[in-house]
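In: what follows is a predicted structure for the sequence shown.
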Amino acid sequence: MVINYKDRKTISGEDEEAIDEFLAGKERWNAYVEKHGDDTEVDFSGVDFSTHRKGKGGFNFSGYLFPKKGNVNFKGVKFGEGYVDFSGAQFGEGNVDFRIANFGKGDVYFGNVNFGDGDVNFFKAKFLGKGIVNFFKAKFLGKGSVSFNEAEFGECSVEFNSVQFGDGDICFFEAKFGKGAVKFNRAQFGDGYVEFNGAQFGDGDVEFSHAKFGNGDLEFKGAKFGNGTLNFEHCEFKGYVSFQSMTETKTLSKFSLRHSSFDKSLDISDNTFNCIPDLTNTKLTNQVSLDRMEISDNYPPKGDFDKSDGERLCRLKELAEANKSYQQALGFHVIEMRAKRDIRMRDKQDKIKNQNTKRKKLRICLGEILHRYLDKFFDVVCIYGQSIIRPALYLLGLTFLCAFIYAYESSLDYFPFCYGLLYSVSQVFSFVPAGRSVTIGILDKLFPCEPQQIPDVIYSLSLIQGVLSFLFLFLIGLGFRNRFRL
């Protein structure tokens, strides 16, 4: 009996002949597909291919052809423990469905696959191997959507390097990646919406270096990261880009957008990083939202600043000032100054080691000690002009300490703390005309004798207190100026 395959509308997994031909290799399968019409559907949904596996070998479907216009359905299939290789497979214009497919614990290859014009769906697919899931140079060139929503990638590395996406939406909503690296280097995205909202990344690096994004929006809202890096260097973004409200960002050791260009707005708000986001050498044509973006108090985690931190912080400060967010800019300035102090100290130590004479070493060392401790003093006393309460407390403490000393040195028979306090306050405001007259009057009450008998320590302490008080008052004013700057 001659079978007319052209009349068949479906290549079904319930047909033993179809299963045998599919597992027989590229030549037999492609010839089998050629016998059918272009609009024939392939439906292997629910098939457990692991029962057809020979030993521990894998499934090699590389170079397979599928009907030019029909849908391909692998929903719920199981491939077992070995590798699965679809490299170079050619799908037609229909939809490709791998929903809830279980690829087992082996490597998975979809390199150089052409998915045609239809939707491609890997919703809740499981890639549970510890090796690699590879879509290198795969092509999703149609207008259909590409979905990896809630897909689970185990501990394998995931590579979408040099992939070409069409103009449909690309969704990795709540996808779960394991400890391996996730790479989209040199990937090209069309004008569709690109979503990684709620995606969970493991401890591996996440790389999008040299990727190009079309007019569609890119969002990583609520994405969770492990102990790795997030790299978007040398990228091109034509649409809106949002990294708003990502979770566990404190675990990121690097977040870089260096050398990238943005045609629309960029949003990095509502994040706390334990690294310095790198926006140096970026081309920004619209506003950058940095609202409530902070650097963790634990930075740097290993104690030493990176040599590029100063440049990165300077760029963040520049962007914050452009947004009129002066408090945030001042916060970045504080970390920038600390980074420069730390880096300068290490550079000077290296320079001292390279000097041949003790005189040069001593000169460099003394200069660095003076510079470092003046910088440290400014940091401790007022956090580089950011704090009002710190210099106020230091001023208050100095005033009471000096008041105690003045009262102790008094020639009176009792302990005149009130006179000592009043004299101490007059030294704080010695630049006020009334303060000068109060100083003379209270000094006469503390030492009711000839002026020549006033201890020299009183004059010395008054001079020191006056200078320090003026310094603290200046820092308090600087704090008010920075706090209420318009």
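Out: Looks like it came in fine. Numbers count the residues shown, from 1 in each chain.
In: what about the nearest residue to residue 316 once chain neighbours are set aside, which SS state?
Out: Distances taken as Cβ to Cβ, 6 or more residues apart in numbering place residue 332 nearest to residue 316, at 4.8 Å, with adjacent residues excluded. (Glycine included, C-beta is placed from N, CA and C.) Counting by DSSP: H, G, I helix; E, B strand; the rest coil, the backbone at residue 332 sits in helix.
In: strands of the stretch 1-150 of the chain, residue ranges please.
Out: Using DSSP state E, counting those that start in this stretch, the strands found in the stretch 1-150 of the chain span residues 10-12, 41-43, 59-60, 72-73, 84-85, 96-97, 108-109, 120-121, 132-134, 139-140, 146-147.
In: rank those by pLDDT, which is bottom?
Out: With a mean of 87, strand 10-12 has the lowest mean pLDDT of the strands of the stretch 1-150 of the chain.
In: what strands line up against that one, and which way round?
Out: The pairing partners recorded for strand 10-12 under DSSP bridges are strand 41-43 (parallel).
In: other SSEs contacting the strand or helix carrying residue 390?
Out: Per DSSP states H and E, residue 390 falls inside helix 389-409. On a contact count with 3 or more Cβ pairs under 8 Å, 6 or more residues apart in numbering; DSSP states H and E, helix 389-409 meets helix 358-382, helix 417-428, helix 433-446, helix 456-483.
In: any low-confidence regions in the stretch 51-200 of the chain?
Out: Within the stretch 51-200 of the chain, the ranges that satisfy pLDDT under 70 run 54-56.
In: switch the cut-off to 80
Out: The stretch 51-200 of the chain contains residues with pLDDT under 80 at 52-57.
In: care to break this protein down by domain?
Out: What automatic domain parsing lists as the domains of the chain is 321-381, 389-483.
In: so residue 329, which of the three states?
Out: Three states are possible here, and by three-state DSSP the one that applies to residue 329 is helix.
In: quick one: the residue nearest to residue 316 and residue 317 touch, right?
Out: Yes: contact criterion Cβ atoms under 8 Å: residue 332 and residue 317 qualify, at 4.2 Å.
In: which one's more surrounded, these two?
Out: residue 332 (25 against 20; other Cβ atoms under 10 Å).
In: can you give me phi and psi for residue 315?
Out: Main-chain torsions, residue 315, degrees, to the nearest 10: phi -70, psi -40.
In: neighbours of it, how many?
Out: Burial of residue 315 is recorded as 20 neighbouring residues (other Cβ under 10 Å).
In: got the contact list for it?
Out: Shown here is residue 315, whose contacts under the criterion Cβ atoms under 8 Å, 6 or more residues apart in numbering are 278-280, 282.
In: about what we covered before: put together JSON lines for the domains of the chain, with mean pLDDT and distance to residue 63 on each row.
Out: Putting the domains of the chain into JSON lines (pLDDT from 0 to 100; distance: least, Cβ to Cβ, whole Å) gives the following:
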{"stretch": "domain 321-381", "mean pLDDT": "73", "distance to residue 63": "54"}
{"stretch": "domain 389-483", "mean pLDDT": "82", "distance to residue 63": "67"}
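In: can you redo the ones you listed as CSV with distance to residue 289?
Out: Formatted as CSV, the domains of the chain follow (distance: least, Cβ to Cβ, whole Å):
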stretch, distance to residue 289
domain 321-381, 8
domain 389-483, 22
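In: between the ones you listed, which one is closest to residue 300.
Out: Proximity to residue 300 (Cβ to Cβ) singles out domain 321-381 among the domains of the chain, at 8.2 Å.
In: and the end-to-end length of the closest one?
Out: From its first residue to its last, domain 321-381 covers 24 Å (Cα to Cα, to the nearest Å).
In: swap in stretch 78-97?
Out: Across stretch 78-97, the terminal residues are separated by 14 Å (Cα to Cα).
In: what are the buried residues along it?
Out: 78-80, 82-97 (16 or more other Cβ atoms under 10 Å).
In: could you do stretch 283-298 as well?
Out: Quick answer for stretch 283-298 (16+ other Cβ under 10 Å): 284, 288-290, 293, 295.
In: contact partners for the nearest residue to residue 264 once chain neighbours are set aside?
Out: The spatially closest residue to residue 264, leaving aside those adjacent along the chain, is residue 240, at 4.8 Å (Cβ to Cβ, 6+ apart). Residues near residue 240 by Cβ under 8 Å, 6+ apart: 217-218, 264-265, 267.
In: show the buried residues in the contacts of residue 315.
Out: 278-280, 282.
In: sorry, back to before: the buried residues of stretch 283-298 in strands, which ones?
Out: Mapping those onto strands (DSSP state E) picks out 284, 288-289, 295.
In: measure residue 382 to residue 388 for me?
Out: 8 Å (Cβ to Cβ, to the nearest Å).
In: my bad, should have said residue 207
Out: 44 Å.
In: more crowded one of these two?
Out: More crowded of residue 207 and residue 388, by other Cβ under 10 Å: residue 207, with 23 against 19.
In: for the more buried one, which residues make a bridge with it?
Out: residue 183, residue 231.
In: ok, residue 255 to residue 426 distance?
Out: Using Cβ to Cβ, residue 255 is found at 54 Å from residue 426.
In: and if you look at residue 121?
Out: 81 Å.
In: same check, this time on residue 210
Out: When distance is defined by Cβ to Cβ, residue 210 is 68 Å away from residue 426.
In: the two: which is more packed in?
Out: Taking neighbours as other Cβ under 10 Å, residue 210 and residue 426 compare with residue 426 leading, 22 against 19.
In: surely that one and residue 440 touch.
Out: No: taking Cβ under 8 Å as the definition, residue 426 is not a contact partner of residue 440, at 9.1 Å.
In: contact partners of stretch 194-203?
Out: Outside stretch 194-203, the residues that touch it by Cβ under 8 Å, 6+ apart are 155, 169-180, 182, 213, 216-228.
In: mind checking the end-to-end distance for it?
Out: With Cα to Cα as the measure, the ends of stretch 194-203 fall 22 Å from one another.
In: and it, what's buried?
Out: Neighbour-count burial for stretch 194-203, with 16+ other Cβ under 10 Å as criterion, is recorded at 194-202.
In: distance from stretch 430-447 to the middle of the chain?
Out: Between the centre of stretch 430-447 and the centre of its host chain there is 58 Å, according to Cα atoms, centre = their mean, to the nearest Å.
In: actually stretch 9-18, not the one I typed
Out: Relative to its parent chain, stretch 9-18 has a centroid offset of 49 Å by Cα atoms, centre = their mean.
In: which one of the contacts of residue 315 is nearest residue 70?
Out: Nearest member of the contacts of residue 315 to residue 70, counting by Cβ to Cβ, is residue 282, at 45.6 Å.
In: so the nearest residue to residue 12 once chain neighbours are set aside bridges to which residues?
Out: Spatial nearest neighbour of residue 12, excluding adjacent residues (Cβ to Cβ, 6+ apart): residue 43 at 5.3 Å. Beta-bridge partners for residue 43, by DSSP bridges, are residue 12, residue 73.
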